[in-house]
Each structure stands twice: as structure tokens, then as C-alpha cells.
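S.K.: Starting from these lines, generate the structure:
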Amino acid sequence: MHKPTLAFIGAGNMAKSIINGLLTQGYSPNLIWATDTKQEALTSLATNLGINTSSDNNEAAKHADIVILAVKPQVMSDVLNGLSNQPSLDKTLFLSIAAGITSSFIQQHFITELPIIRAMPNTPAMIGCGATGLYANDSVSEEQKAYCESIFNAVGTTCWVEDENTLDTITAISGSGPAYFFLFMESLIEAAIQHGLAPEIAKQLVMQTAKGAALMAIESDQEIASLRQNVTSPGGTTAQALSVFEQNNLRQLVNNATTAAKQRAQELSRLSNTTIENKG
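M.R.: Numbers count the residues shown, from 1 in each chain. Okay, here's the model as predicted:
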């Protein structure tokens with residue numbers, strides 16, 4: 001399969017993580033462009049990764065089969081306006097990793113109907129363990145979908161959704177999800193210290209336990225509930241702890257929390273698009 005030329009508009013942490021992942025998987029640096037407003041960032045990318053760089057978005061985009069929008073939402077309108085007058089982009093795939101920016105908002109900056117994909121990656125992509133939700137509009141070809149899937153598979157795992165609004169749920173689950181696990185790990189470390197463990201031992205045990213549990217869940221053919229039951233002997237210590245979680249309705253608390261996150265994602269999406277439209 002022919003590998004497309006990529007132009008990253010914006011070279012922040014997520015863009016750099018994706019570029020690193022692609023290069024690790026053998027992607028040619030000659031097929032990657034990146035732009036940024038900071039010259040030192042471009043110099044670092046060119047020196048350390050060997051990719052093409054430019055301070056001119058149009059210069060990078062004119063070489064690209066896929067333009068990856070990796071800028072902050074508040075500058076998205078200006079970036080799109082700057083790209084909209086370039087006729088060579090009529091058939092270019094636009095891939096956005098900007099939170100809250102809808103495909104319709106991107107489209108309204110262009111006269112020609114564009115193939116657009118939105119991606120919702122999460123921060124573990126920075127270490128190659130990301131989880132990314134993807135949505136494609138009707139103009140995206142199967143080949144273009146395969147290209148984009150391979151980009152994010154280079155930094156983790158991917159899933160496609162048919163309804164763009166579903167990305168708000170993905171934001172609440174995997175986008176925000178790492179923080180939920182970090183909070184639980186924080187709490188478990190604090191509890192371990194309160195029960196007499198030295199802080200460094202508490203951290204070591206919690207980190208390894210979290211890693212081990214995640215790997216078991218990934219590698220096992222059993223359902224998560226079965227894995228939990230395997231650890232839970234009737235009348236044992238684990239059962240006693242889990243009963244406290246159940247008595248305090250942990251499942252409902254998790255549902256309430258993710259509902260709140262989803263609602264906030266929807267709100268921010270509306271606010272972002274309204275604010276940017278008004279600015280434009």
C-alpha cells in the first residue's frame with residue numbers, strides 16, 4: 001500500500017508522539033512534514049527526527065495527502081482560513097485531533113466538500129499505549145480510513161464510530177480515563193502509607209499491581225468480571241474490600257462521573273464552535 005505524505009499542522013506533544021510512533025514503525029521521515037509557530041520546535045524536529053519542517057502551513061500542506069490538524073481549538077479557524085484558498089487541497093484528507101472541533105466546522109471553511117476524519121487520542125499515546133476513537137465523514141474513502149487507522153495504530157489501538165457525537169463518550173471514557181486510574185492509584189498509595197507502608201514501597205506495589213492487572217485483562221480470554229471473581233475468595237480479604245466498594249455504589253459513582261465528563265465534552269464542543277464562529 002502506497003504510504004501517504006503527512007503534514008502535521010502544529011507540532012505539540014501529541015503530534016510529536018504520533019510522529020515518533022510512525023518513525024519507530026518504519027515510516028520514512030521524508031514523507032512527514034510538520035509546522036509550528038516556534039522555530040526552536042521545528043529545528044528540534046528536523047535535527048532529531050529528520051522530518052521536513054516549515055513555518056508556513058501552506059508549504060507543508062501542498063506536499064500532503066493527509067493534513068493533520070494538531071493545533072489548539074482557539075486558533076483552528078485562523079489555520080483553516082489560511083489553508084482554504086489553496087486549490088491543491090481539494091482532494092486532501094483532513095485529519096483533526098483538536099478536541100471539540102466538529103467536522104462540519106472544518107468543512108464550512110472550504111467550498112469543496114472535503115474528506116474529514118476526527119480523532120480522539122489520549123495521553124498514553126505518548127508512550128505507544130494510546131487508545132484512539134475515530135470518526136469519518138461520508139467523503140472519506142476506505143483507503144483513507146485505512147491510512148488514518150495505521151497512523152494511530154503506531155501509537156496504540158483504535159476504534160471507529162459511525163456517529164460523530166459518540167466521540168463525546170469516547171472523550172469521557174478513554175480521553176479522560178487515564179486520570180481516573182491515576183486517581184485510584186493515588187488513593188491506593190495513600191491508603192498503603194496510612195496502613196504503615198513506606199511511600200516508596202507503596203508506590204512500587206501499586207504501580208506494578210496496576211500494570212499487572214491491566215496486562216492480565218488485555219491478554220486473558222476471560223471477561224473482566226471473571227478475572228475479578230478469580231481473585232475474590234468467598235469470605236476472604238478481597239471480598240471484604242469489594243463489599244465496601246459495592247455498599248458505597250462504586251458502579252453508580254463511575255457512571256455519574258463519566259456522564260458528567262461527557263456532558264462537559266458536549267458543552268465545550270458547542271462553546272468552542274460558537275466562540276470560533278463568532279471570532280471568525
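
S.K.: Show me the shaky parts of this structure.
M.R.: Applying pLDDT under 70 to the chain picks out residues 1, 272, 274-280.

S.K.: Spatially central residue (nearest the centroid) of it, please.
M.R.: Closest residue to the average C-alpha location of the chain: residue 121 at 0.9 Å, with C-alpha atoms, centre = their mean.

S.K.: which one is it nearest to, not counting chain neighbours?
M.R.: Spatial nearest neighbour of residue 121, chain neighbours left out: residue 132 (4.3 Å); criterion: C-beta to C-beta, 6 or more residues apart in numbering. For every residue, glycine as well, the C-beta is placed using N, CA and C.

S.K.: Just to be sure, that neighbour is in a strand?
M.R.: Yes - membership of residue 132 in a strand is supported by DSSP: H, G, I helix; E, B strand; the rest coil.

S.K.: Tally up the residues packed near it, please.
M.R.: Using other C-beta atoms under 10 Å, residue 132 has 25 neighbouring residues.

S.K.: need the strands for the protein, in chain order.
M.R.: Taking DSSP state E as the criterion, the chain carries its strands at 6-9, 32-35, 52-54, 66-69, 93-96, 116-120, 130-136, 156-161.

S.K.: okay if I get those strands as CSV plus distance to residue 242?
M.R.: Shown next, in CSV, are the strands of the chain (distance: least, C-beta to C-beta, whole Å):
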stretch, distance to residue 242
strand 6-9, 45
strand 32-35, 48
strand 52-54, 52
strand 66-69, 44
strand 93-96, 41
strand 116-120, 31
strand 130-136, 26
strand 156-161, 28
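
S.K.: Looking at those, which is nearest to residue 85?
M.R.: With distances scored as C-beta to C-beta, the stretch of those nearest to residue 85 is strand 66-69 (14.1 Å).

S.K.: Not counting that closest one itself, show me its contacts.
M.R.: The contact list for strand 66-69 (C-beta atoms under 8 Å, 6 or more residues apart in numbering) reads 4-10, 15, 18, 61, 76, 79-80, 83, 89, 92-98, 101, 106, 144, 147-148, 151.

S.K.: Stretch 136-151 too?
M.R.: With contacts defined as C-beta under 8 Å, 6+ apart, stretch 136-151 is touched by 1, 4, 6, 18, 22, 65-66, 68, 93, 95, 103, 107, 113-117, 119, 134, 158, 160, 164.

S.K.: Check stretch 43-54 too.
M.R.: Stretch 43-54 is contacted from outside by 11, 16, 19-20, 23, 29-30, 32-36, 42, 60, 63, using C-beta under 8 Å, 6+ apart.

S.K.: tell me which residues of it are tucked away?
M.R.: For stretch 43-54, a neighbour-count test (16 or more other C-beta atoms under 10 Å) marks 45, 49, 51, 52, 53, 54 as buried.

S.K.: ok, the residues you listed vs residue 127, which is closest?
M.R.: For the buried residues of stretch 43-54, the nearest to residue 127 is residue 49 (16.9 Å; C-beta to C-beta).
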